[in-house]
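Q: sequence first, predicted coordinates after that:
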Amino acid sequence: MAAQALDRIGALYAIEKEIRGLAAHERATTRQVRAGPLLESLREWLRHTLTRVSKKSALAKAIGYVLTRWTALTRYTSDGRIEIDNYAAERALRAVALGRKNYLFCGSDAGGERAAAIYSLIGTAKLNDLDPQAYLRYVIERIAEHPVNRVDELLPWHVADIMRDSNNIRLAA
């Protein structure tokens, strides 16, 4: 039964692989046309499978979890901006989890807060396809002369927009 569920889920991920990089409205349309019927079939299969397994089994609990959260789990089909899973967020948090022991030695609460701010900037730079070292260099070179009430212009997503045509801070493709 688990293999059947994984095959069905794999078909959904195959659709995502095909539409990666398309505009949000194209992704939503494709998902509704192709993934919608697969999801409806999966839901019916889950309901049917739930009647065939022990109510106290781990599989029954997993199926119950999925069915009670069905609306949230399938929301991605109607909005092309939403990903099928939260892998990007988990990947971004991996650095925090790996470095947790190192953060104990920041020296003080203020040091910990500064480290958290720098880690956040570096992570956000990466999410915006910026080389973190080049991004920080770009900001440090400009921040002294930059108006404090416009500091948001130096955030990674704004810098990425400004530097779209320049290769000096973008990551290599």
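A: Received the coordinates, thanks.
Q: tell me which helix or strand in this structure has the weakest average pLDDT.
A: Each helix and strand of the chain was given a mean pLDDT (mean pLDDT, DSSP states H and E); the minimum falls on helix 87-103 at a mean of 74.
Q: which SSE is immediately downstream of that one?
A: Where DSSP states H and E defines the elements, the next helix or strand beyond helix 87-103 is helix 109-127.
Q: which residues in the protein form helices?
A: 2-19, 24-30, 36-50, 58-68, 70-74, 87-103, 109-127, 132-143, 156-162 (DSSP state H).
Q: check whether T124 really touches P156, as I assumed.
A: Yes. If you go by C-beta atoms under 8 Å, T124 and P156 touch, sitting 4.5 Å apart. Any C-beta I mention is one placed from the backbone N, CA and C, and that applies to glycine too.
Q: when those two are compared, which one has more neighbours?
A: Taking neighbours as other C-beta atoms under 10 Å, T124 and P156 compare with P156 leading, 23 against 17.
Q: give me every residue that touches the more buried one.
A: Applying C-beta atoms under 8 Å, 6 or more residues apart in numbering, we find P156 in contact with 121, 124-125, 127-128, 130, 135.
Q: quick check: pLDDT value at it.
A: pLDDT, P156: 91.
Q: which residues does the residue nearest the centre of the chain contact?
A: The centroid of the chain falls nearest to A88 when counting by C-alpha atoms, centre = their mean (2.9 Å). A88 makes contact with L127 under the criterion C-beta under 8 Å, 6+ apart.
Q: measure it to I140 for me?
A: 27 Å (C-beta to C-beta, to the nearest Å).
Q: surely Y138 and I162 touch.
A: No. The pair Y138 / I162 is not scored as a contact, 9.1 Å apart, by C-beta under 8 Å.
Q: comparing these two, which residue is more hemmed in?
A: Using other C-beta under 10 Å, the more surrounded residue of Y138 and I162 is Y138, with 21 against 13.
Q: just the buried members of the contacts of P156?
A: 121, 124-125, 128, 130, 135 (16 or more other C-beta atoms under 10 Å).
Q: tell me how far L59 lies from Y76.
A: 24 Å.
Q: comparing these two, which residue is more hemmed in?
A: Neighbours were counted for L59 and for Y76 using other C-beta under 10 Å; Y76 has more, 20 against 15.
Q: quick check: closest non-adjacent residue to the more buried one.
A: I82 (4.2 Å; C-beta to C-beta, 6 or more residues apart in numbering).
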